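A.B. asks: how does the following fold in three dimensions:
(2 chains)
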There are 2 protein chains.
Amino acid sequence: MKNNMESVSDKNYIEQVSVECVILGYQDRQLRVLVPKLAFKGDFWGLPGGFVYQDEDTDDAARRILYERTGIKDVYLEQFQVMGKANRNSREFLDRMIGQNSDLFSDPLAEGQRSRMDYDWFTRRFISIGYYALVDMNQVIPQKTDLDVSIEWYPIGELPPMIMDHNQIVANALATLRLTIDQKLNAFNLLPETFTMQEIQDLYEAIFEKRFAQNNFPKRILRLNVLDRLEKKYTGAANKAPYLYRFDRARSSQLPTEDLFTE
Amino acid sequence: MKNNMESVSDKNYIEQVSVECVILGYQDRQLRVLVPKLAFKGDFWGLPGGFVYQDEDTDDAARRILYERTGIKDVYLEQFQVMGKANRNSREFLDRMIGQNSDLFSDPLAEGQRSRMDYDWFTRRFISIGYYALVDMNQVIPQKTDLDVSIEWYPIGELPPMIMDHNQIVANALATLRLTIDQKLNAFNLLPETFTMQEIQDLYEAIFEKRFAQNNFPKRILRLNVLDRLEKKYTGAANKAPYLYRFDRARSSQLPTEDLFTE
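C.D. replies: Next up is the predicted model:
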């Protein structure tokens, strides 16, 4: 996206198809979403997204977009929903944006690029493929592209108002995570390499926005048989030090649902 | 699709996007899939599918395709996967098909329709949106369209070899059904209005291809609190007559996951 003079319609993208990525992290007992503020005058936020090259798998398009924004390649990624309403287009958002930009130079679509053709290209109906990614926030240094003025982690309950249906897409990603968390055991991707049982419980409580019984949760998790118990975590008070655990990807990959979404 | 002379490229479809439908039924303790045999010389089977009009929701496109093949409108339908590989196209299948058709009159794409433009239109890369439907087979009279020579219910374990990735799409639909059956309780859509507990258990055993303990399964199902118990089923041996049950859609719609895939 370096060359602003190049028209989007020359880029050999599939038309009317886009990819939107909900990048989920976890910190301070809160689920967080990585949201760029868009490089237009006015306050516009939107999920990291983009288009699919003709010779690119849709999954690879999502990976490319994730890599641009997070700097990491090995990311847990899942395609979870298609936004396919006939009236789904960015016309209202683009008109509002252009209306607020008397100085179009701050507009990355300006500078000769926003030909009538590009406006038409962008404002057609788009079928959008929703992905969610689960990342360890410690591994990520958020990257803004030249389409962003900034990029930040927002608590999932305090998201800015985003363009189009992007807030709803986040809600649906969270619902999907909750729906399949027990079978996919994918929440561990939000934690660092090692963690205590309390940290797992905190994470699950953040995801479900409810408390789990302290005497029941560890049993339930350990019964899954996907955690390796390591040494105790040094806390200064040795007799109360909790054990550290590590998620065993190999064991979890023997779960029957593992290869569900491979083609 | 009545007017074979009309070119597909004139139909105002979104390009390079298709919809494929896995229509699942249940009979004689077997899950079944409704599969048309395509109206080309040679043996070609493929899932009911089609394209999306510019002014049509993708969900409505799937409903339209389902209605064409089943004659029913009120169908449990779920979008479950996008097939998005860059090399996904029907070129090999179409070339094979055309090669076997010296008499192109039996070919619904012939009769003036298969212009060079249409061949190019059909053989581009397609991103396909996969839906699965769960139907009560008693309600369905399978309908062939003028694209089919016949249409039949096949046991899911005895499907014919279908074009492209369609057999894999069925496998993924089944995996999705298994993955979310407990939260969505959607399997009841495969049964008639009323059924015995044994019939539910038979259905679940067909879906999971395994047996469930006879003394445990009814407890597990009743605990969900979504069944109304009705009168006993008359069998002639009154003292052994099993109760009939009915799935209570209203109760199940209070489950937290109900509105997951609404936009």
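
A.B. asks: can you count the residues close to the closest residue to A:A61 other than its chain neighbours?
C.D. replies: In this structure, A:A61 finds its nearest non-sequential neighbour in A:V52, 4.4 Å apart by Cβ to Cβ, 6 or more residues apart in numbering or on different chains. All C-beta atoms are positioned from the backbone trio N, CA, C, and that covers glycine. For A:V52, the count of nearby residues is 26 (other Cβ atoms under 10 Å in any protein chain shown).

A.B. asks: also A:F122?
C.D. replies: If we define neighbours as other Cβ under 10 Å, then A:F122 has 19 of them.

A.B. asks: where does the stretch 1-150 of chain A dip in pLDDT?
C.D. replies: A:1-6, A:100-117 (pLDDT under 70).

A.B. asks: ranges for the helices of it?
C.D. replies: Taking DSSP state H, counting those that start in this stretch, the helices of the stretch 1-150 of chain A run over residues A:58-70, A:91-99, A:116-123.

A.B. asks: what does the last one contact?
C.D. replies: It stands for helix A:116-123. A:S7, A:V8, A:S9, A:E15, A:N89, A:S90, A:R91, A:L94, A:L109 (Cβ atoms under 8 Å, 6 or more residues apart in numbering or on different chains).

A.B. asks: 10 Å instead?
C.D. replies: A:7-11, A:13, A:15-16, A:18, A:51, A:89-95, A:98, A:109, A:114-115 (Cβ atoms under 10 Å, 6 or more residues apart in numbering or on different chains).

A.B. asks: of those, list those near chain B.
C.D. replies: Contacts with chain B are made by A:E15, A:Q16 out of these, judged by Cβ under 10 Å from any Cβ of the partner chain.

A.B. asks: next one: phi and psi at A:D228?
C.D. replies: The phi/psi pair for A:D228 (degrees, to the nearest 10) reads phi -100, psi 130.

A.B. asks: what residues sit buried inside the strand ranked longest in chain A?
C.D. replies: Selection of the longest strand in chain A by residue count, based on DSSP state E, yields strand A:13-27. Using 16 or more other Cβ atoms under 10 Å in any protein chain shown as the burial criterion, the residues of strand A:13-27 that qualify are A:13-14, A:16-26.

A.B. asks: and what of stretch A:130-149?
C.D. replies: Buried residues in stretch A:130-149, defined by neighbour count with 16+ other Cβ under 10 Å: A:130-137, A:140, A:142, A:145, A:147-148.

A.B. asks: next one, pLDDT for the residue of the stretch 101-250 of chain A found nearest chain B please.
C.D. replies: Across the stretch 101-250 of chain A, no residue is closer to chain B than A:A175, which sits at 4.7 Å (Cβ to the nearest Cβ). We note a pLDDT of 96 for A:A175 in this prediction.

A.B. asks: that's a helix at it, yeah?
C.D. replies: Yes. Assessed by DSSP: H, G, I helix; E, B strand; the rest coil, A:A175 belongs to a helix.

A.B. asks: wait, it touches A:I156, no?
C.D. replies: No. With contact defined as Cβ atoms under 10 Å, A:A175 does not reach A:I156; the gap is 11.7 Å.

A.B. asks: these two: which is more packed in?
C.D. replies: Between A:A175 and A:I156, A:I156 has the larger neighbour count (other Cβ under 10 Å), namely 21 against 18.

A.B. asks: show the pLDDT at the more buried one.
C.D. replies: Listed pLDDT for A:I156 reads 97.

A.B. asks: now it. Its backbone dihedrals?
C.D. replies: Phi and psi for A:I156, reported as degrees, to the nearest 10, are phi -60, psi -20.

A.B. asks: which residues does it contact?
C.D. replies: A:22, A:24-26, A:30-33, A:170-171, A:173-174, A:206-207, A:209.

A.B. asks: again, only using 8 Å
C.D. replies: Here A:I156 is in contact with A:L24, A:Q30, A:L31, A:R32, A:V33, A:V170, A:L174 (criterion: Cβ under 8 Å, 6+ apart).

A.B. asks: how about the secondary structure of the closest residue in space to A:A187 that isn't next to it in sequence?
C.D. replies: Ranked by Cβ to Cβ, 6+ apart and with sequence neighbours excluded, the top spatial neighbour of A:A187 is A:I181, at 5.5 Å. At A:I181 the chain is in helix, as set by three-state DSSP.

A.B. asks: pLDDT value on A:I181, please?
C.D. replies: 91.

A.B. asks: residue numbers of the stretch 101-250 of chain A in contact with chain B?
C.D. replies: Residues of the stretch 101-250 of chain A found near chain B (Cβ under 8 Å from any Cβ of the partner chain) are A:R125, A:I127, A:I129, A:D165, A:Q168, A:N172, A:A175, A:T176, A:R178, A:L179, A:T180, A:Q183.

A.B. asks: now the fourth one. Its backbone dihedrals?
C.D. replies: For A:D165, the backbone dihedrals are phi -100, psi 20 (criterion: degrees, to the nearest 10).

A.B. asks: what's around it, how many residues?
C.D. replies: 18.

A.B. asks: tell me the contacts of the residue nearest to it when sequence neighbours are not counted?
C.D. replies: The shortest distance from A:D165 to any non-neighbouring residue, by Cβ to Cβ, 6+ apart, is to A:M83 (6.0 Å). Neighbouring residues of A:M83 by Cβ under 8 Å, 6+ apart: A:E20, A:I127, A:S128, A:G130, A:D165, A:I169, B:E263.

A.B. asks: pLDDT weak spots in the stretch 151-263 of chain A?
C.D. replies: Within the stretch 151-263 of chain A, the segments meeting pLDDT under 70 span A:235-239, A:252-263.

A.B. asks: now do 80
C.D. replies: Scanning the stretch 151-263 of chain A for pLDDT under 80 picks out the ranges A:232-240, A:249-263.

A.B. asks: how far away is the nearest residue to A:G157 once chain neighbours are set aside from A:I207?
C.D. replies: In this structure, A:G157 finds its nearest non-sequential neighbour in A:Q30, 7.6 Å apart by Cβ to Cβ, 6+ apart. Separation of A:Q30 from A:I207 (Cβ to Cβ, to the nearest Å): 10 Å.

A.B. asks: can I assume the residue nearest to A:A61 is in contact with A:E15?
C.D. replies: No. Between A:V52 and A:E15 there is no contact, the gap being 9.9 Å when judged by Cβ atoms under 8 Å.

A.B. asks: follow-up on the earlier one: show me which pair in the buried residues of strand A:13-27 is furthest apart.
C.D. replies: Largest separation among those by Cβ to Cβ: A:Q16 and A:Y26, giving 34.4 Å.

A.B. asks: ok, A:Q30 and A:I207, which is more surrounded?
C.D. replies: Legend: neighbour count by other Cβ under 10 Å for A:Q30 and A:I207, higher for A:I207 (18 against 15).

A.B. asks: okay, angle between the longest strand of chain A and helix A:58-70 too, please.
C.D. replies: If you take axes from the mean of the first three to the mean of the last three Cα atoms, to 10 degrees, strand A:13-27 sits at 50 degrees to helix A:58-70.

A.B. asks: who does strand A:13-27 pair up with?
C.D. replies: strand A:30-38 (antiparallel), strand A:49-53 (antiparallel), strand A:127-134 (parallel) (DSSP bridges).

A.B. asks: list the buried ones in the longest one?
C.D. replies: Using 16+ other Cβ under 10 Å as the test for burial, strand A:30-38 gives A:L31, A:R32, A:V33, A:L34, A:V35, A:P36, A:K37, A:L38.
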